[in-house]
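*Asks:* predicted coordinates and the sequence they were generated for:
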Amino acid sequence: MTGPISEISSDALGTLFPKWKFYVVPFAMKKNPRYRGPVAIPGGLYNVLGVSDAGERTEFSSSGNHEGVGKFLASQKVPVRNAEDGRQIWTAICHLLRQGTPNAESKMEGPNLWRLGAEVSGDDQFYYEVRTSEDGAVLSGKLQFQRAKKN
């Protein structure tokens with residue numbers, strides 16, 4: 001991704017976080033003209049910056065297991081009470097990080113444990129694991145993967 005900073009427009013983000021605005025901040029990488037050796041410049045890297053009406057800030061990387069997103073969800077006391085909440089949260093995460101399939105399945109895996117956005121890619125299943133408190137508020141979230149079960 002190259003280009004200027006842009007605001008993320010998303011109904012799901014607006015509903016979950018009405019007092020926040022989120023922006024994509026692309027990395028600008030160039031080869032040092034004095035270096036004569038071969039260079040691989042990664043493309044498509046960016047961060048997402050969130051700013052609240054009260055001046056609070058948060059930042060997420062476009063790569064990794066996205067634990068920072070889980071911490072943000074926890075700080076905002078986002079509830080996961082049912083599959084519809086899970087789908088809305090997963091859609092917001094997809095829009096926030098510009099990754100994933102918003103309509104992928106979200107379901108409860110056990111007491112206080114949700115698997116959001118489960119998708120199979122090749123032999124692996126990827127999902128965003130969310131742990132909640134007894135009242136359903138998000139405590140943590142993290143991208144996970146496991147070998148997909150073959151039928």
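*Replies:* Arrived safely.
*Asks:* tell me the buried residues in stretch 55-74?
*Replies:* Residues of stretch 55-74 classed as buried by neighbour count (16 or more other Cβ atoms under 10 Å): 58, 60, 62, 66, 68-74. Every residue, glycine included, has its C-beta placed from N, CA and C.
*Asks:* should've said stretch 137-151
*Replies:* Buried-residue list, stretch 137-151, by 16+ other Cβ under 10 Å: 137-138, 141-143.
*Asks:* just the residues you listed now: which is nearest residue 90?
*Replies:* Closest approach between these and residue 90, by Cβ to Cβ: residue 141, at 10.1 Å.
*Asks:* I'd say the closest one and residue 130 touch.
*Replies:* Yes: contact status for residue 141 versus residue 130: in contact at 4.6 Å, counting by Cβ atoms under 8 Å.
*Asks:* mind listing the shared neighbours of these two?
*Replies:* 70, 73, 116 (Cβ atoms under 8 Å, 6 or more residues apart in numbering).
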